[in-house]
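In: fold the stuff below for me.
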Amino acid sequence: MLYSNKQIWKVAYPILLSLFAQNLINITDAVFLGRVGEVELGASALAGVYYMAVYMIGFGFSAGSQILMARRNGEGRYDALGAILLQGILFLLLLASCMFLLTRALSPGILRGIVSSDSVYFATLSYLDWRIFGLFFSFTGVMFRAFFVGITYTRVLMPNALVTALVNVALNYLLIFGKAGFPQMGIAGAAIASVVAEVVSLLYFIVYVFIKVDVRKYGLFPLPAFNFRLIARILNVSVWMMIQYFLTIATWFLFFVAVEHLGERPLAVSNIIRSLSTLIFVLVNAYATTASTLVSNSMGAGRQTDVMPLCRRIVKMCYYLVIPVLVLIAVFPEGVLRIYTDNPELIAGCVPSLFVMLSFYLIAVPGSILFNTVSGTGNTRSALYIESTTLVIYTAAIFYLITYLKLDVALCWSVEHIYWLAMLVFSYLYMKKANWQSKRI
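Out: Numbers count the residues shown, from 1 in each chain. So this is what the prediction gives:
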């Protein structure tokens, strides 16, 4: 039986609210730092995307684990979920340790070679020196999130994310500006606030599991020893998503590096547009994540014929939510941009880029949901091939339009149209032509 709109929304809306609250970390960084200076605003864009590239390696592992847990949930093998969750946490803590050491050692040299402005370079390092500690907590937290999404028990995500966002907003205010006796730390304060917020998020998940979850049903305890065979099985699904997510954000980092070479003002503009884009993408990503987990559950229950009708239904529901938001922002662009800065010149410089950004979401909605449908079938290697091919096209567009032609920053954002159009076409062709119905994981 095909999932109804009500059932889809029941899974999607807690994910939507949790993603919105979680992304407030990046949004509030931009809002507060926009009132510190354009250098700090631009540096937070580079540092934030740089950190996200590393974070997405762990998130990719959790996304593959989520697909595997959703499949086991659909099969009724509930006791297998706890082993996947706990082994995933052990693996990601080891991975976080490695990524922490590598990032601390290599980041200064990497950034010095690609950032042209000294002030932006030092501000970026100041942020990363603190932000990188968050890997240990965020890597663990995403496994708990994958578990709850995999079993479609997404209601826990909403209060967790709300508490996380409130902690982040409060600490941003106190640490960036030095209020209530706290030290005035500027961009470093934003990084510390984000790390503490991730600690609070993880603690919330742990306490919730002990209080609300049937630990026997899901095989959550006792804590197991390291199971290399199970880790290998998870990696068989996850490794392609780890590579895929890393490449996606790493390529987006190239976009901001290319824009940084156009000047500090274009970089500040792009960070504001990125922040607004992140807010809108939360709506798309919530439905895309829902598509992935419901597709995996459907296939686990042997309902392969439901997959494409389910995908179309989710695309339609996503449009109903996204289009009014796009129209509202387009009607009041200056009012929305004033949230980030009081500088009239910076606001005026953002408006053309804002309209370009809004327009690509008409393609991003079906592109993202269809791509996550591919991942939800368990064909994560094929998803990586689709992503990699798309990123080659996207990177070529960045170098030609931004680095070579040095277009105005608004036109630079048109590379996102190219990315999502390629993603949509390749994902559609795969679902139309490939033999994904028989995939076993």
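In: and the helix or strand containing residue 129, C-alpha only, in PDB?
Out: Element membership for residue 129 (DSSP states H and E) is helix 118-131. Only the C-alpha atoms of helix 118-131 are listed here, as PDB (Å, rounded to 0.1, in the frame of the first residue of the first chain):
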ATOM      1  CA  ASP A 118      45.500  37.600   4.800                       C
ATOM      2  CA  SER A 119      42.600  38.900   7.000                       C
ATOM      3  CA  VAL A 120      40.200  36.300   5.700                       C
ATOM      4  CA  TYR A 121      42.900  33.600   6.100                       C
ATOM      5  CA  PHE A 122      43.600  34.300   9.800                       C
ATOM      6  CA  ALA A 123      39.900  34.700  10.600                       C
ATOM      7  CA  THR A 124      39.100  31.300   8.900                       C
ATOM      8  CA  LEU A 125      41.800  29.600  11.000                       C
ATOM      9  CA  SER A 126      40.600  31.200  14.200                       C
ATOM     10  CA  TYR A 127      37.100  29.700  13.500                       C
ATOM     11  CA  LEU A 128      38.500  26.200  12.600                       C
ATOM     12  CA  ASP A 129      40.800  25.900  15.500                       C
ATOM     13  CA  TRP A 130      37.800  25.600  17.800                       C
ATOM     14  CA  ARG A 131      35.100  24.300  15.400                       C
END
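In: that helix packs against which elements?
Out: helix 38-75, helix 79-114, helix 187-212, helix 264-300 (3 or more C-beta pairs under 8 Å, 6 or more residues apart in numbering; DSSP states H and E). Where you see a C-beta, it was placed from the backbone N, CA and C, and this is true even at glycine.
In: and the pLDDT at residue 224?
Out: For residue 224, the pLDDT comes out at 69.
In: now the helices for the stretch 301-441 of the chain?
Out: Under the criterion DSSP state H, counting those that start in this stretch, the stretch 301-441 of the chain contains helices at 307-331, 333-337, 344-376, 380-398, 409-412, 415-433.
In: thinking again about what came up before, the helices and strands packed on helix 118-131: which one's closest to residue 19?
Out: helix 264-300 (4.4 Å; C-beta to C-beta).
In: flag every buried residue along the closest one.
Out: Neighbour counts over helix 264-300 (16 or more other C-beta atoms under 10 Å) mark 264, 266-300 as buried.
In: in a markdown table, list the helices and strands packed on helix 118-131 along with mean pLDDT and distance to residue 377.
Out: Output for these, formatted as a markdown table (pLDDT from 0 to 100; distance: least, C-beta to C-beta, whole Å):
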| stretch | mean pLDDT | distance to residue 377 |
| --- | --- | --- |
| helix 38-75 | 88 | 9 |
| helix 79-114 | 93 | 18 |
| helix 187-212 | 94 | 28 |
| helix 264-300 | 90 | 6 |
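In: of all these, which lies closest to residue 374?
Out: helix 264-300 (9.0 Å).
In: thinking again about what came up before, could I get the helices and strands packed on helix 118-131 as CSV with distance to residue 244?
Out: CSV is the format used below for these (distance: least, C-beta to C-beta, whole Å):
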stretch, distance to residue 244
helix 38-75, 6
helix 79-114, 16
helix 187-212, 23
helix 264-300, 13
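In: tell me which of those sits nearest to residue 422.
Out: Proximity to residue 422 (C-beta to C-beta) singles out helix 264-300 among the helices and strands packed on helix 118-131, at 16.5 Å.
In: which strands and helices sit next to that closest one?
Out: Going by 3+ C-beta pairs under 8 Å, 6+ apart, helix 264-300 lies up against helix 5-33, helix 38-75, helix 118-131, helix 135-150, helix 228-260, helix 307-331, helix 344-376, helix 409-412.
In: any idea which element the closest residue to residue 197 other than its chain neighbours lies in?
Out: Counting by C-beta to C-beta, 6 or more residues apart in numbering, residue 197 lies nearest to residue 168, which is 3.8 Å off, once chain neighbours are set aside. Assigned by DSSP H and E, residue 168 belongs to helix 157-177.
In: how many neighbouring residues does residue 412 have?
Out: 26 (other C-beta atoms under 10 Å).
In: and the pLDDT at it?
Out: Reading off the model, residue 412 has pLDDT 95.
In: for residue 18, same thing?
Out: So residue 18 comes in at 67 (pLDDT).
In: hang on, the earlier thing: I'd guessed the residue nearest to residue 197 sits against residue 192; true?
Out: No. Between residue 168 and residue 192 there is no contact, the gap being 10.3 Å when judged by C-beta atoms under 8 Å.
In: which one of those two has more residues nearby?
Out: residue 168 (27 against 21).
In: give me the distance between that one and residue 281.
Out: With distances taken as C-beta to C-beta, to the nearest Å, residue 168 is found 19 Å from residue 281.
In: now do residue 440
Out: From residue 440 to residue 281 the distance is 32 Å (C-beta to C-beta).
In: show me what contacts the spatially closest residue to residue 301 that is not a sequence neighbour?
Out: Excluding the flanking residues, the one nearest residue 301 by C-beta to C-beta, 6+ apart is residue 74, at 4.6 Å. Contacts for residue 74 (C-beta atoms under 8 Å, 6 or more residues apart in numbering) come out as 296-301.
In: now those residues in a markdown table, with distance to residue 121?
Out: What follows is those, written out as a markdown table (distance: C-beta to C-beta, whole Å):
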| residue | distance to residue 121 |
| --- | --- |
| 296 | 43 |
| 297 | 47 |
| 298 | 49 |
| 299 | 48 |
| 300 | 49 |
| 301 | 53 |
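In: just give me the closest of these to residue 208.
Out: Nearest to residue 208, judged by C-beta to C-beta, of these is residue 297 at 21.9 Å.
In: and that closest one, how far is that from residue 379?
Out: 16 Å.
In: over to residue 214?
Out: 31 Å.
In: so which of the two has more stuff around it?
Out: residue 379 (23 against 8).
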